[in-house]
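**Student:** sharing a model that was predicted from the sequence below.
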Amino acid sequence: MIPAELVKRATSSGVLFTCAMCKNFWRARSQGLDECRTITGKNCAGPLRGLSYPEYDGELKNHLHTVCFVCGAKPDGVLKTKDGKLIGVCKKHKEALFDFSGAVDGRPETADSLQVEEK
């Protein structure tokens, strides 16, 4: 288990909650590396890059829908990624990161197939 104080320190400096809860993130940090892909050898990212944290190693594995991937708060909905996985998102971060208002919206191109399902 990753100590809550480490998670809090990481998220307060801009690290996404999901990453701060991942052992690969901390393995990389302990070696002075900025990215966990250096440890895993594979790309690992979340819905902002069209992925669902495929290399995630932590207590949220198979439970990424239960918290907001950005802040760790209780999710108000879930993002359905291209591979069909569900990732939790709170209202604040859904509205801040994704504009679902029309056919041409503000989502990153890599996240073009994300859908939000309200709880």
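**Tutor:** Structure's in. What do you need?

**Student:** flag the shaky bits of the chain, pLDDT-wise.
**Tutor:** Where the chain drops to pLDDT under 70, the residues are 99-119.

**Student:** can you give me the strands for it?
**Tutor:** Using DSSP state E, the strands of the chain run over 77-80, 86-89, 115-118.

**Student:** confirm for me that A73 is in contact with K91.
**Tutor:** No. With contact defined as C-beta atoms under 8 Å, A73 and K91 do not form a contacting pair (9.2 Å). In short, each C-beta sits where N, CA and C put it, glycine included.

**Student:** for the residue nearest to L60 when sequence neighbours are not counted, which residues are in contact?
**Tutor:** What sits nearest to L60 in space, not counting adjacent residues and going by C-beta to C-beta, 6 or more residues apart in numbering, is M21, at 5.4 Å. Contact partners of M21, counting by C-beta atoms under 8 Å, 6 or more residues apart in numbering, are 2, 7, 58-60, 72.

**Student:** can you check V15 too?
**Tutor:** F25.

**Student:** distance check, it against N24.
**Tutor:** Here the criterion is C-beta to C-beta, to the nearest Å. By it, V15 lies 13 Å from N24.

**Student:** equivalent analysis for G72, please.
**Tutor:** Distance, G72 to N24, using C-beta to C-beta: 18 Å.

**Student:** same check on S52?
**Tutor:** 15 Å.

**Student:** then S30?
**Tutor:** From S30 over to N24 (counting by C-beta to C-beta), the distance is 11 Å.

**Student:** who has more neighbours out of those two?
**Tutor:** Between S30 and N24, N24 has the larger neighbour count (other C-beta atoms under 10 Å), namely 21 against 9.

**Student:** contact partners for the closest residue to the more buried one other than its chain neighbours?
**Tutor:** In space, and not counting its chain neighbours, N24 is closest to C36: 4.0 Å by C-beta to C-beta, 6+ apart. Contacts here follow C-beta under 8 Å, 6+ apart; on that basis C36 touches 19, 22, 24-25, 27-28, 44, 55.
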